[in-house]
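Enquirer: Can you look at this prediction? I've put the sequence above it.
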Amino acid sequence: MQIADLCLYPIVRSKDNLDNQAFLSLKNANLLVDCHLTQNKINTLGIKYYCFDNP
């Protein structure tokens, strides 16, 4: 559970906290699936940051 919290919380908070250092570290290390997808596949296969986002 702690590992999930350490990874998920920065991702969830990334949209409302743009200087989130934990999220930026994950992104810069290419540890997010979005870093490995082409731009046109991110909407369908990438991270869903918020469950009420518009498609």
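Expert: Great, that's in hand.

Enquirer: Which residue is the nearest non-sequential neighbour of residue 45?
Expert: residue 37 (5.7 Å; Cβ to Cβ, 6 or more residues apart in numbering). The C-beta positions use only the backbone N, C-alpha and C, and glycine is treated the same way.

Enquirer: thought that neighbour was touching residue 46?
Expert: Yes. Using Cβ atoms under 8 Å, residue 37 is in contact with residue 46, at 5.5 Å.

Enquirer: For the chain, give me the ranges with low pLDDT.
Expert: Low-confidence segments of the chain, defined by pLDDT under 70: 51-55.

Enquirer: Just give the closest residue to residue 9, not the sequence neighbours.
Expert: residue 22 (7.5 Å).

Enquirer: and that neighbour, what element?
Expert: Assignment of secondary structure by DSSP states H and E places residue 22 within helix 21-28.

Enquirer: Can you name the residues in contact with that helix?
Expert: Residues outside helix 21-28 that contact it (Cβ atoms under 8 Å, 6 or more residues apart in numbering): 6, 7, 9, 10, 11, 13, 14, 17, 32, 34, 35.

Enquirer: And it, what's buried?
Expert: Buried residues in helix 21-28, defined by neighbour count with 16 or more other Cβ atoms under 10 Å: 23, 26, 27.

Enquirer: I'd like these laid out as JSON lines, including distance to residue 42.
Expert: Formatted as JSON lines, the buried residues of helix 21-28 follow (distance: Cβ to Cβ, whole Å):
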{"residue": "23", "distance to residue 42": "16"}
{"residue": "26", "distance to residue 42": "16"}
{"residue": "27", "distance to residue 42": "13"}
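
Enquirer: mind exporting stretch 23-42 as PDB, just the C-alpha atoms?
Expert: Extracted C-alpha coordinates of stretch 23-42, given in PDB (Å, rounded to 0.1, in the frame of the first residue of the first chain):
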ATOM      1  CA  PHE A  23       5.500  13.800 -10.100                       C
ATOM      2  CA  LEU A  24       8.300  15.600 -12.000                       C
ATOM      3  CA  SER A  25      10.800  13.100 -10.800                       C
ATOM      4  CA  LEU A  26       8.700  10.200 -12.100                       C
ATOM      5  CA  LYS A  27       8.200  12.000 -15.400                       C
ATOM      6  CA  ASN A  28      11.800  12.900 -15.800                       C
ATOM      7  CA  ALA A  29      12.900   9.300 -15.100                       C
ATOM      8  CA  ASN A  30      10.400   8.000 -17.800                       C
ATOM      9  CA  LEU A  31       8.500   5.900 -15.200                       C
ATOM     10  CA  LEU A  32       5.100   7.000 -16.300                       C
ATOM     11  CA  VAL A  33       3.300   5.200 -19.100                       C
ATOM     12  CA  ASP A  34       2.600   8.500 -20.800                       C
ATOM     13  CA  CYS A  35       6.300   8.900 -21.400                       C
ATOM     14  CA  HIS A  36       6.300   5.800 -23.600                       C
ATOM     15  CA  LEU A  37       3.200   6.500 -25.700                       C
ATOM     16  CA  THR A  38       2.900   8.600 -28.800                       C
ATOM     17  CA  GLN A  39       0.900  11.700 -28.400                       C
ATOM     18  CA  ASN A  40      -2.100  10.300 -30.300                       C
ATOM     19  CA  LYS A  41      -2.300   7.300 -28.000                       C
ATOM     20  CA  ILE A  42      -2.100   9.100 -24.700                       C
END
